[in-house]
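Asks: Next one to model:
(one chain, ligands or ions: 2)
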Amino acid sequence: MAEEWWDPKGKFKPLHKFQPVRLGYIREHLLTHFGRDPNAMRPFEGLSVIDVGCGGGLLCEPLARLGATVTGIDAAERNIKIASLHAEQSGLAIDYRATTSEALAATGARFDVVLNMEVVEHVDNVPLYMKSCADLVAPGGLMFTATLNRTMRAYALAIVGAEYVLRWLPRGTHDWKKFLTPEEIETLLKRFGMKPVDETGVVYHPLGDEWRKSPDMGVNYMILAEKPKAN
Ligand SMILES: C[S@@+](CC[C@H](N)C(=O)[O-])C[C@H]1O[C@@H](n2cnc3c(N)ncnc32)[C@H](O)[C@@H]1O
Ligand SMILES: [Mg+2]
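Replies: Ligands and ions are numbered 1, 2, ... in the order given. I've put the predicted structure just below:
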């Protein structure tokens, strides 16, 4: 099971391929926003980060290595078992819990940074989910959202291309109707007290077999939002 999540060529291959670009984006914005030293070994010491829908913990581990105090939650108990085992093998202390963002937000838990990466296109009640993620952000904190746009190109590339032609993902992984446009995400962020401050597309470059940031948000994209400091 652990291999499933941590195999770079396995079922979650696209998430592994996204790692450099998304970690670069997260790192860059955390450094600037929280005024951290880019040359430090553990620049995010003292920052609390929650990875919502953490799966096998692909984002939790690098952030813990960079010094952050990391909590990973996933609705699927099985994923939490895999993530915990892997963190133990990596010698990392990560607080993994099998729960949902909705349940955790209801307890009043708050974090400096909320990661909402590749989850929202899988949830049933999007507004409720986005509200729970926003509620988990402490005043002055950040939330990162990564997902797929609801365009014809996303249908062609992320569903026909990735699931049927290239077989990067199992068929049926995504349902195009559940994809959200950047405008829809930003509207929800604002409704729940967040201020969108940055956005970028993420585009595949076949020559280097890598994903890079791009102004083109037509398929994959990331949005950064800030929660204003309490007065
Ligand atoms: C495609 S995976 C994303 C994994 C990880 N965020 C990444 O990008 O590497 C989506 C995960 O979100 C979890 N999930 C969906 N809704 C959730 C919720 N409301 N609270 C917590 N986890 C949720 C699912 O169980 C699944 O493991
Ligand atoms: Mg997805």
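
Asks: Identify the residues contacting the residue of the chain found nearest ligand 1.
Replies: Per Cβ to the nearest ligand atom, the residue of the chain with the smallest distance to ligand 1 is residue 53, at 2.5 Å. Quick note: C-beta positions are derived from backbone N, CA and C, even for glycine. Residue 53 makes contact with 73, 74, 75, 101, 116, 117, 118, 119, 122 under the criterion Cβ atoms under 8 Å, 6 or more residues apart in numbering.

Asks: ok, what's across the strand from the second one?
Replies: Per DSSP bridges, the residues bridged to residue 74 are residue 98.

Asks: Burial check on it, number of neighbours?
Replies: For residue 74, the neighbour count with other Cβ atoms under 10 Å is 25.

Asks: Also the fourth one?
Replies: The local packing count at residue 101 equals 27, with neighbours defined by other Cβ under 10 Å.

Asks: Please name the nearest non-neighbouring residue to it.
Replies: residue 132 (4.1 Å; Cβ to Cβ, 6 or more residues apart in numbering).

Asks: Let me know whether the one you found touches residue 108 as I believe.
Replies: No. With contact taken as Cβ atoms under 8 Å, residue 132 and residue 108 are classed as non-touching, separated by 12.0 Å.

Asks: Counting neighbours, go ahead and name the busier of these two.
Replies: residue 132 (22 against 8).

Asks: Under a three-state scheme, what state does the more buried one occupy?
Replies: What DSSP: H, G, I helix; E, B strand; the rest coil gives for residue 132 is helix.

Asks: Next, give phi and psi for the nearest residue to residue 133 once chain neighbours are set aside.
Replies: Spatial nearest neighbour of residue 133, excluding adjacent residues (Cβ to Cβ, 6+ apart): residue 116 at 4.8 Å. Geometry field for residue 116 lists phi and psi as phi -130, psi 80, criterion degrees, to the nearest 10.

Asks: What is the neighbour count of residue 116?
Replies: 28.

Asks: With residue 26 instead?
Replies: Around residue 26 sit 25 other residues, with neighbours defined as other Cβ under 10 Å.

Asks: got it, and residue 36?
Replies: Once other Cβ under 10 Å is used to define contacts, residue 36 is seen to have 19 neighbours.

Asks: Is it in contact with residue 44, as I believe?
Replies: Yes. Distance between residue 36 and residue 44: 6.5 Å, which falls inside the contact criterion (Cβ under 8 Å).

Asks: Can you tell me which residues in the chain are near ligand 1?
Replies: Of all the residues in the chain, those in contact range of ligand 1 (Cβ under 6 Å from any ligand atom) are 15, 52-55, 58-59, 73-76, 79, 100-102, 117-119, 122-123, 129.

Asks: Out of those residues, which sit inside helices?
Replies: Among the residues of the chain next to ligand 1, the subset assigned to helices under DSSP state H consists of 15, 79, 101, 102, 129.
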